[in-house]
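Novice: the following comprises the amino acid sequence and a computationally predicted model.
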Amino acid sequence: MYQEDYRRWLAADLEDADLKPELSRIEHNDDEIRERFAVSLKFGTAGLRGVLGAGTNRMNIYVVRQATQGLANWVKAQGGTQTVAISYDSRLKSDLFARTAAGVLAANGIRVRIYDALMPVPALSFATRYYKCNAGVMVTASHNPAQYNGYKAYGPDGCQMTDDAAAIVYDEIQKIDVLSGAQSVSFAEGVEQGLIRFVGDDCKAAFYEAIEKCQVRPGLCGTAGLKLVYSPLNGSGLVPVTKVLNDIGITDITIVPEQEYPNGYFTTCSYPNPEIYAALELGLKLAEETGADLMLATDPDADRVGIAMRCPDGSYELVSGNEMGVLLLDYICAGRIEKGTMPEHPVAVKSIVSTPLADAVAAHYGIELRGVLTGFKWIGDQIAGLESAGEEDRFIFGFEESYGYLAGPYVRDKDAVVASMLICEMAAYYRSTGSSIKQRLEEIYAQYGRYLNRVDSYEFPGLTGMDKMSGIMQSLRDNAPTAFSGQKIVSVTDYKDTDATGLPAADVLTYVLESGASVVIRPSGTEPKIKTYFTTLGRDIAEAQAQKDALTEAIRPLLT
């Protein structure tokens, strides 16, 4: 069957000139043909994500058209405004895929609001809500390497699409021939028909205004003299991040020149992920040269931000997603209490794999901290629940350990723009008091204990990877371990058991050990990986790290 599909693609008059040479090159390579055509990219709650190229298991204009026709069929059954918002980042073919999607929607009589230049995930979520759209589409592969692109679908609430809606769209996609089944008009034709319009300046201004309303100490940054190095990692963060920072008074910003402008090849870092050192390396070098107080880097779709903070000895130290989540929670709580802007019955939200140190900080300030499944849509879902009760202002902060943060209910996804603003404001505040982010972090550890949080990943590439991952998780359930590294397991939470957790079912296992350490084992929802999240608590970092290393050695044989 896959050979037949390949021959059909090879014989077709393909519009994208890059695809035919690729198909010709693999003509006698059965493994390559099977890898591209034996399966199709699956549309799920994270939309689509895959390597660019020809075939049903690749990201190309035909797969985008097919997915968008499925989305259009769902939208047409929804009533409402019959409008879809679209944005895209700097990845290869992102603008092409965005305009391709717009052409399919227009051919189906659906109105489109598309950004006239690349804009990040939070801007897409905002536009979806601002225009009261039925759905939103963000063309991005987030922090994946350059050969990837993707297609995130959003519901009318600005959250990534629900499981139920994604299942309906997927069923519709299955009915559509990938090469010829989608209705489509050219982008120009859609514009001429009045169905495709650009996002207006009013929407962009409202987005920035909503972000800047999240300042904890307005006016502080203009006099603090903060010195910043910033890298958009060749992505979509440059314009929105620098605009907001300039608006609040932070003007001493040095942009990493090699990573300033959009470049989907990501030539300076093969993996544009602010979680890893290599992505921040050029920024760190520039920070050392300029003596910056802080170095920030946002990922290509600018929904996540990583930082390095200047230490008293002049060196720079990376701050983990868990540490920054705790620092921001602590800063927002203390600042809003001081300023009298804390709402009644405030709510913060974190993912279940994020650090329990946040629970201790929230308890200290009397804040309700809710735990949700991994995926920022679950944090968005908590905001939506508050909104439906007319209480969205109770939400003060949400975070995931994977460097995603949100303050304020104006969007339903993580936002590196507001996070960058608050991180800089926090740094400026501590600088103005003679302290620093580093000093405050050490004070938090002194107050609550030396928590260490680490994540290990085990990769399962290839067509059988997902089956292997599923088998490993089932084995952990069928042959439940009783101890790790000589430490007795005192409790196990299986998130497939909705009665026990009160949350939607998820393929996640959490183990709590007699020492108080915890291990969470979870297959990634977007990549062929099983991730293990470790929390250890020691008298100092060396003791906590030794516990973590022992646990890693004990668990590795179970996952490989």
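Specialist: Arrived safely, thanks for sending. Remember, it's a predicted structure, so these values are computed and weren't measured experimentally.
Novice: need the strands for the stretch 301-450 of the chain, in chain order.
Specialist: Assigned by DSSP state E, counting those that start in this stretch, the stretch 301-450 of the chain shows strands spanning 305-310, 316-319, 347-351, 368-372, 395-400, 404-406, 450-459.
Novice: now the stretch 51-200 of the chain
Specialist: Remark: strands assigned in the stretch 51-200 of the chain by DSSP E, counting those that start in this stretch are 83-88, 111-114, 135-139, 148-154, 196-198.
Novice: out of those strands, which comes closest to Leu357?
Specialist: Of all these, it is strand 148-154 that lies closest to Leu357, at 30.0 Å by CB to CB. In this view, the C-beta of every residue, glycine as well, is placed from N, C-alpha and C.
Novice: packing partners of the closest one?
Specialist: The helices and strands touching strand 148-154, judged by 3 or more CB pairs under 8 Å, 6 or more residues apart in numbering; DSSP states H and E, are strand 48-51, helix 61-76, helix 94-107, helix 121-130, strand 135-139.
Novice: among the strands of the stretch 301-450 of the chain, which is nearest Ile176?
Specialist: Closest to Ile176 of the strands of the stretch 301-450 of the chain, according to CB to CB: strand 450-459, at 31.7 Å.
Novice: that closest one packs against which elements?
Specialist: Strand 450-459 sits against strand 529-538, helix 541-559, with contacts defined as 3+ CB pairs under 8 Å, 6+ apart.
Novice: including mean neighbour count, could these go into JSON lines?
Specialist: Shown next, in JSON lines, are the helices and strands packed on strand 450-459 (neighbours: other CB atoms under 10 Å):
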{"stretch": "strand 529-538", "mean neighbour count": "21"}
{"stretch": "helix 541-559", "mean neighbour count": "16"}
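Novice: in a markdown table: those, plus distance to Thr251 and mean pLDDT.
Specialist: Output for those, formatted as a markdown table (distance: least, CB to CB, whole Å; pLDDT from 0 to 100):
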| stretch | distance to Thr251 | mean pLDDT |
| --- | --- | --- |
| strand 529-538 | 39 | 93 |
| helix 541-559 | 36 | 93 |
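Novice: dump those to TSV, plus distance to Pro120.
Specialist: Written out in TSV, the entries for the helices and strands packed on strand 450-459 read as follows (distance: least, CB to CB, whole Å):
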stretch	distance to Pro120
strand 529-538	24
helix 541-559	33
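Novice: out of those, which gets nearest to Phe395?
Specialist: Taking CB to CB, strand 529-538 is the member of the helices and strands packed on strand 450-459 nearest to Phe395, at 24.3 Å.
Novice: with just CA atoms, put the closest one into PDB.
Specialist: Output in PDB follows, covering the C-alpha atoms of strand 529-538 (Å, rounded to 0.1, in the frame of the first residue of the first chain):
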ATOM      1  CA  LYS A 529      10.300   9.900  24.600                       C
ATOM      2  CA  ILE A 530       9.600   8.700  28.100                       C
ATOM      3  CA  LYS A 531      10.400  11.400  30.600                       C
ATOM      4  CA  THR A 532      11.300  10.800  34.300                       C
ATOM      5  CA  TYR A 533      10.900  13.700  36.700                       C
ATOM      6  CA  PHE A 534      12.900  13.500  39.900                       C
ATOM      7  CA  THR A 535      12.500  15.600  43.100                       C
ATOM      8  CA  THR A 536      15.000  15.000  45.900                       C
ATOM      9  CA  LEU A 537      15.400  17.100  49.100                       C
ATOM     10  CA  GLY A 538      18.700  17.300  50.900                       C
END
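Novice: distance check, Lys468 against Ser24.
Specialist: Distance of Lys468 to Ser24, computed by CB to CB, to the nearest Å: 33 Å.
Novice: these two: who's more crowded?
Specialist: Legend: neighbour count by other CB atoms under 10 Å for Lys468 and Ser24, higher for Lys468 (16 against 10).
Novice: Phe142: how many residues sit nearby?
Specialist: Heads up, residue 142 is Ser, not Phe. Neighbours of Ser142 using other CB under 10 Å come to 23.
Novice: same deal with the one 3 residues further on?
Specialist: Other residues lying near Pro145 total 13 when counted by other CB under 10 Å.
Novice: my guess is it meets Tyr271, correct?
Specialist: Yes: applying CB atoms under 8 Å as the test, Pro145 and Tyr271 come out as touching, 5.5 Å apart.
Novice: shared neighbours of these two, anything?
Specialist: Shared contacts of Pro145 and Tyr271, defined by CB atoms under 8 Å, 6 or more residues apart in numbering, are absent.
Novice: Asn134 is nearest to which of the strands of the stretch 301-450 of the chain?
Specialist: Closest approach to Asn134 among these is made by strand 404-406 (22.9 Å; CB to CB).
Novice: just grab the bridge partners of Arg450 for me.
Specialist: With DSSP bridges as the criterion, Arg450 is bridged to Gly538.
Novice: show the pLDDT at it.
Specialist: Looking at Arg450, its pLDDT reads 92.
Novice: just give me the neighbour total for it.
Specialist: Count around Arg450 with other CB under 10 Å applied: 18.
Novice: residues in contact with it?
Specialist: 537-541, 543-544.
Novice: of all those, which comes closest to Ala11?
Specialist: Ala544 (60.5 Å).
Novice: so where is the protein shaky, pLDDT-wise?
Specialist: Along the chain, segments meeting pLDDT under 70 span 526.
Novice: give me the buried positions along the host helix or strand of Val229.
Specialist: For Val229, the element it lies in under DSSP states H and E is strand 228-231. Across strand 228-231, burial judged by 16 or more other CB atoms under 10 Å covers 228-231.
Novice: dump the helices and strands packed on strand 148-154 into a markdown table; add mean neighbour count and distance to Glu209 as well.
Specialist: Output for the helices and strands packed on strand 148-154, formatted as a markdown table (neighbours: other CB atoms under 10 Å; distance: least, CB to CB, whole Å):
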| stretch | mean neighbour count | distance to Glu209 |
| --- | --- | --- |
| strand 48-51 | 20 | 32 |
| helix 61-76 | 24 | 29 |
| helix 94-107 | 25 | 25 |
| helix 121-130 | 28 | 11 |
| strand 135-139 | 29 | 20 |
